[in-house]
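Novice: The following block contains a protein sequence and its predicted model.
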Amino acid sequence: MAGTGARLRRHAGLSDVQDIPAPVPWSAGTAPPRLEVPAGATDCHFHVYDGRWPSAAGTPHHPDASVEHYRLLQARLGLARGVLVQPSAYGTDNSLHLRALEALGRERFRMVAVVVPDVPDGTLRALDAAGVRGIRFNLTMPGVLRAEHLVPLARRVAPLGWHCQVNASEPTLLAAAPLLASLPCPLVLDHMGQVPQPGGTATPAFQAVRRLLDAGRTWVKLSGAYLRSRSGAPGYADAGAVAAALVRAAPERMLWGTDWPHPTQRTDAKPDDATLLDLLADWAADPATRRRVLVENPSRLYGFPPPG
């Protein structure tokens, strides 16, 4: 009888991956998730890093986290599809992640890019053909894209069927909320909207996220539970209460992601990605809702074909 690792590799379409070494780089633990992962499950937020690519000014150096490393994580978790997200470390140089996207395969993977405000239309069309489906605005740190660029760029990418993905802390989110509500394309909020703790669902940030969700065009990534949690691992109960409330509010626009290789965390304090995936069972108790989060919602937003 095939073991759990072999079953998950087949589930993820990775039959060529050999026995998974322990541990997977930049992920604690070695066990697969306890959660029954549906076919077509999608990691909607991960990055790669390569020391041969120069880091943008003012950003920290990150150890190499390669496509090969990610395939090991994919096999361990039983994930079939994924979304590469251009990190701040590389600014608007999308070449590393475009190369990773090509290596992983556009049938099962998509990408969110970072562009200059006056990006040529031809560049946007080329990125679209390569598998890019959105633009990321990291408003938590200085960068080439700022809040005032949201609406002009959203108008340009809306005809492509793209979205704007925003990472913002509470003060920035509150200040930008009117702009975010006016975007002519879908909005995706990183990391549960960065709702702060303590306070969670009682904070102005959560209420702002709820208003955006209620308007019907905002999606939220259930990722980075450790980023704002005060209660900590393994359950991240305070962040989990936020996640569960978001799922109840708009299960049809929730996404899930690992945030591997967890660039905000020390190299000796990376979370266990299988445990993070298992938390979804606490946030979305029924299998049908989890399937929406892991399979159906990503298919709609990123244009994945139906899982085979």
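Specialist: Structure received.
Novice: Identify the residues contacting the closest residue to Val209 other than its chain neighbours.
Specialist: Of all residues not flanking Val209 in the chain, Gly193 sits nearest, at 4.0 Å (CB to CB, 6 or more residues apart in numbering). Bear in mind the C-beta positions are built from the backbone N, C-alpha and C, glycine included. Listed by CB atoms under 8 Å, 6 or more residues apart in numbering, the contact set of Gly193 reads 168, 173, 205-206, 208-209, 220, 246.
Novice: Checking the most centrally placed residue in the chain next. Helix, strand or coil?
Specialist: Centroid-nearest residue in the chain: His45, 2.1 Å away (criterion: CA atoms, centre = their mean). Following DSSP: H, G, I helix; E, B strand; the rest coil, His45 is assigned to strand.
Novice: Would you quantify the distance from the closest residue to it other than its chain neighbours to Val132?
Specialist: Excluding its sequence neighbours, the residue lying closest to His45 (CB to CB, 6+ apart) is Gly257, at 2.8 Å. Here the criterion is CB to CB, to the nearest Å. By it, Gly257 lies 17 Å from Val132.
Novice: Which stretches in the protein count as strands?
Specialist: Assigned by DSSP state E, the strands in the chain fall at 42-46, 81-85, 109-113, 132-138, 163-167, 187-189, 218-222, 254-256.
Novice: could you dump these to a markdown table with distance to Arg230?
Specialist: As requested, the strands of the chain are arranged in a markdown table below (distance: least, CB to CB, whole Å):
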| stretch | distance to Arg230 |
| --- | --- |
| strand 42-46 | 22 |
| strand 81-85 | 25 |
| strand 109-113 | 29 |
| strand 132-138 | 23 |
| strand 163-167 | 20 |
| strand 187-189 | 20 |
| strand 218-222 | 18 |
| strand 254-256 | 22 |
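Novice: So for Ala65, which of these sits nearest?
Specialist: strand 42-46 (8.7 Å; CB to CB).
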